[in-house]
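Participant: Sequence first, predicted coordinates after that:
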Amino acid sequence: MPANIYAANKQRALQAYTENLAAYRTKFNNPINTDHNDYGIQKLKYKKNYNFSYEHDITLQLHELLVDLKTFHEMTEVIYGYTIQAYTGANRQMAFQIKDKLCSLYPHLHVEIQYKQPNFSVRVGRFLERLESYQLYINIKKDFPQAIIRSAEFPNKVDVFAPLEQECRADTMQNLDNKQEELIKEGNTENISLGILRKLKNDVQ
């Protein structure tokens, strides 16, 4: 049967359909008259300018706690949040290629390369809550199946989670060499610091 004929027959059937459920309704011995004209509507009277008494006012205590909390956050150097790690591995060229591709796809997001011997890691985005990063994670996962959401530390700044004012740009080969040297130095410094801490811990033991 053609679709237009089927649709026409269905429309005619719906128009001719009737249903009476009166026989199945619950019957009451004394039916209530629902005509509102038979009821005297009494307006509720509210007292005006009603004063509440506060026996335990903690406004000042809450204000002091908020001030202390603000001071604590201002003294904190880092903020704990989440980022998306699109790549991790020892291939330097691959890391910077992925960074350039992420910069072209998401020019207003923070795209960073970190080096911890012997691996480079490419991270994109800064989020305070894990749930906030999930939508971006789904999109990045299509191009980088190895991407994961991981916890991270960010500098305690006002605009740390704000989008970039200047678009992320691809690096030249000279910039790659310079950045690799900086990353290696940072990684070596971190490894030296960890070695000193382990040595001190062993001496104490």
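Facilitator: Sure, I can see it.

Participant: Give the buried residues for the longest strand anywhere in the chain.
Facilitator: Ranked by residue count, the top strand of the chain under DSSP state E comes out as strand 78-89. By 16 or more other CB atoms under 10 Å, the buried positions in strand 78-89 come out as 79, 81-88. Quick note: C-beta positions are derived from backbone N, CA and C, even for glycine.

Participant: Okay, strands next: where are they in the protein?
Facilitator: For the chain, the strands defined by DSSP E occupy 78-89, 111-116, 119-127, 148-155.

Participant: can you list the ones you listed in JSON lines and add mean pLDDT and distance to Gln11?
Facilitator: Below are those laid out as JSON lines (pLDDT from 0 to 100; distance: least, CB to CB, whole Å):
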{"stretch": "strand 78-89", "mean pLDDT": "93", "distance to Gln11": "52"}
{"stretch": "strand 111-116", "mean pLDDT": "90", "distance to Gln11": "57"}
{"stretch": "strand 119-127", "mean pLDDT": "93", "distance to Gln11": "52"}
{"stretch": "strand 148-155", "mean pLDDT": "92", "distance to Gln11": "51"}
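
Participant: need these in TSV with distance to Val67, can you?
Facilitator: Shown next, in TSV, are the strands of the chain (distance: least, CB to CB, whole Å):
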stretch	distance to Val67
strand 78-89	20
strand 111-116	34
strand 119-127	27
strand 148-155	23
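
Participant: quick one, which of those strands is nearest to Gln61?
Facilitator: Among the strands of the chain, the nearest to Gln61 by CB to CB is strand 78-89 (26.6 Å).

Participant: Can I get the closest one in PDB, CA atoms only?
Facilitator: This file holds the C-alpha atoms of strand 78-89, laid out as PDB (Å, rounded to 0.1, in the frame of the first residue of the first chain):
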ATOM      1  CA  VAL A  78      48.300  25.900  43.200                       C
ATOM      2  CA  ILE A  79      44.800  24.900  42.400                       C
ATOM      3  CA  TYR A  80      43.900  21.300  41.900                       C
ATOM      4  CA  GLY A  81      41.800  20.500  38.900                       C
ATOM      5  CA  TYR A  82      41.600  18.300  35.800                       C
ATOM      6  CA  THR A  83      43.100  18.300  32.300                       C
ATOM      7  CA  ILE A  84      43.000  16.000  29.200                       C
ATOM      8  CA  GLN A  85      46.200  14.200  28.400                       C
ATOM      9  CA  ALA A  86      46.100  13.600  24.600                       C
ATOM     10  CA  TYR A  87      49.500  12.000  24.300                       C
ATOM     11  CA  THR A  88      52.400  10.600  26.500                       C
ATOM     12  CA  GLY A  89      55.500   9.000  25.200                       C
END
